[in-house]
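In: Predicted model follows, preceded by the sequence.
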Amino acid sequence: MNFDLNFIDILYIFKIFMKIIIFLLLLFTIIVAILISRSAQGAIAWLISLITFPYLSIPIFWILSCPKFGGYIIKKNFYKEKLIKKINLYYLNHLKSNTNVNVKLVEKLANLPLTKANAAKLLINGYISFKSMFNGIKRAKKYILIQFFIIKNDKVGQTLKNMLISSVKKGVKVFFIYDQIGSHKLSFKFIKELRKAGINIFNFGSCNGWKNILNINFCNHRKLVIIDGKEGWTGGLNIGIEYLGRNKKLGYWRDTHLHIIGPSVLCLQEIFLEDWFWTTGKKLKNLNWKPIISKFKNQNIIMVPTGPIYNINNASLLIQNAINLAKKKFWITSPYFLPDQSVIDSLKLAALRGVDVKIIIPERTDQLLVYLSTFSFLSDLIKSGVKIYKYIKGFLHQKVMLIDDHTASVGTMNLDNRSFRLNFEITAYIIDSEFAKDVNYMLKQDLLSCRLIRLNEINCRSLIKKLISRAAFLASPIL
């Protein structure tokens, strides 16, 4: 028998072999997608994508689908024992048992304690927020801990850089984390200048080491500034001139930040240090762990870090718990409104039981996929009695929540799949009637620049727009 093969025969056999390999890889990928997808909706979206566009979807799946953030969990809790010991137990006492706020549950979601004797101040735009943070940096005596998702080398970024360099010259130590995805446009020159001045600056590095290469789809979305362990800032603002309303496309920028003095700053510090240890593999020493007691207010605060390192989806559970607590009012704002089904159902139930549920989202958007997806489920919410408003003055970027007249929150978490399952976030959960009153007034002012979305506006959209919205909604869990 003659077994001589020409080039065409070899090529034909190779093609068959490759088809078999691709089929087996596709089959294996589908099985993995079913097993590890973060939600049923996500599993369906991946299955459709893998079957319809296998050559494109297989590599994307293995890049984006990692269900948990590998490596970080074993590096946590080095500072927590010190934190608990140093904060006086008086400031960790729970609220009275007759409160309608489930403090213990929120503490479990946060894995951090409630602290008393805090003073939190709302900062309601970029000018006020940057002025407050930059003045705080000037007050630093020993150290500055700073972390942002986005750092831009523009006028605001340059101002921050110069202030940090001036602080180092005065003997202040600066420890700086930025996210490599959010700050992908940040020039190496900017970073080099900071390092040359003696500033310890590192990117969060989701793919920290070859074992964690599949962490590429995760981001650290937190925004923190901590001065000497005495005062801190967190909220919606990153570092860039768009937060001053200088974005040509989005225009006026509506955001909310928070300035905090009190024992809860040490909880912020602990959260930063966990991220710092992941980023650098090193512990920071000689930090202040003595709680500073506010002389002006006695607010109860729980700092709630959320992210992909936890065994439970504590981000979604925090929102669900807040909705379920509401007896009269639940108002929430988010630039990206694409919550999971459990949150959607909780919003419907709250409205059906008579709670005043208001959701404020932006009219303009910088995330088209999320914006289109939102329209696929708004009609069901409106039918249930949920009132949805679009902010028309500019771009709304704040992440704020109000529960009745006793609790409010300000943080970094959006109501979408990324914030719920992929991003490291932080929320300041504040149980205080005075603070809730301030948030209530602030949101009422925002509503003056909003328009209510009517049911017919959703239903009268063309068939093509409805199909696009539905397709975007189905695809959203894979991102």
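Out: That came through fine.
In: check contacts around residue 384.
Out: Counting by CB atoms under 8 Å, 6 or more residues apart in numbering, residue 384 touches 347, 348, 351, 352. Quick note: C-beta positions are derived from backbone N, CA and C, even for glycine.
In: Mind checking which of those are buried?
Out: 347, 348, 351 (16 or more other CB atoms under 10 Å).
In: any idea which element the first one lies in?
Out: When you say that, I think you mean residue 347. Assigned by DSSP states H and E, residue 347 belongs to helix 341-352.
In: In terms of secondary structure, what does that helix contact?
Out: Contacts defined by 3 or more CB pairs under 8 Å, 6 or more residues apart in numbering; DSSP states H and E place helix 341-352 against helix 314-325, strand 356-362, helix 378-383.
In: got the buried residues for stretch 439-456?
Out: Applying a neighbour-count criterion of 16+ other CB under 10 Å, the buried positions in stretch 439-456 are 439, 440, 442, 443, 446, 447, 449, 450, 453.
In: Just the ones of those residues in strands?
Out: Among the buried residues of stretch 439-456, DSSP state E puts residue 450 in strands.
In: Kindly reformat the buried residues of stretch 439-456 as a markdown table containing pLDDT and distance to residue 383.
Out: A markdown table is the format used below for the buried residues of stretch 439-456 (pLDDT from 0 to 100; distance: CB to CB, whole Å):
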| residue | pLDDT | distance to residue 383 |
| --- | --- | --- |
| 439 | 98 | 28 |
| 440 | 98 | 26 |
| 442 | 98 | 29 |
| 443 | 98 | 24 |
| 446 | 97 | 24 |
| 447 | 97 | 21 |
| 449 | 96 | 26 |
| 450 | 97 | 20 |
| 453 | 93 | 12 |
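In: Any chance of the buried residues of stretch 439-456 in JSON lines with distance to residue 198 as columns?
Out: Shown next, in JSON lines, are the buried residues of stretch 439-456 (distance: CB to CB, whole Å):
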{"residue": "439", "distance to residue 198": "39"}
{"residue": "440", "distance to residue 198": "45"}
{"residue": "442", "distance to residue 198": "39"}
{"residue": "443", "distance to residue 198": "43"}
{"residue": "446", "distance to residue 198": "42"}
{"residue": "447", "distance to residue 198": "47"}
{"residue": "449", "distance to residue 198": "44"}
{"residue": "450", "distance to residue 198": "47"}
{"residue": "453", "distance to residue 198": "52"}
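In: Kindly indicate which of the buried residues of stretch 439-456 lies nearest residue 251.
Out: Ranked by distance to residue 251 (CB to CB), the buried residues of stretch 439-456 are led by residue 449 at 12.2 Å.
In: which ones are touching that closest one?
Out: Applying CB under 8 Å, 6+ apart, the residues near residue 449 are 254, 391, 392, 393.
In: Recalculate using a threshold of 7 Å.
Out: Residues in contact with residue 449 (CB atoms under 7 Å, 6 or more residues apart in numbering) are 391, 392, 393.
In: Likewise for residue 236?
Out: Contacts for residue 236 (CB under 7 Å, 6+ apart) come out as 255, 256, 257, 397, 398, 399, 412.
In: What distance do you get for it to residue 434?
Out: 22 Å (CB to CB, to the nearest Å).
In: so where's the stretch 201-350 of the chain uncertain?
Out: 206-216 (pLDDT under 70).
In: can you do 80?
Out: For the stretch 201-350 of the chain, residues meeting the criterion pLDDT under 80 lie at 205-217, 248, 311.
In: That one: strands as residue ranges?
Out: Using DSSP state E, counting those that start in this stretch, the strands of the stretch 201-350 of the chain run over 219-220, 224-227, 231-235, 253-254, 257-261, 299-306, 329-333.
In: Any chance of JSON lines for those strands, columns distance to residue 171 and mean neighbour count?
Out: Below are the strands of the stretch 201-350 of the chain laid out as JSON lines (distance: least, CB to CB, whole Å; neighbours: other CB atoms under 10 Å):
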{"stretch": "strand 219-220", "distance to residue 171": "28", "mean neighbour count": "25"}
{"stretch": "strand 224-227", "distance to residue 171": "14", "mean neighbour count": "24"}
{"stretch": "strand 231-235", "distance to residue 171": "19", "mean neighbour count": "25"}
{"stretch": "strand 253-254", "distance to residue 171": "35", "mean neighbour count": "22"}
{"stretch": "strand 257-261", "distance to residue 171": "23", "mean neighbour count": "24"}
{"stretch": "strand 299-306", "distance to residue 171": "29", "mean neighbour count": "26"}
{"stretch": "strand 329-333", "distance to residue 171": "41", "mean neighbour count": "23"}
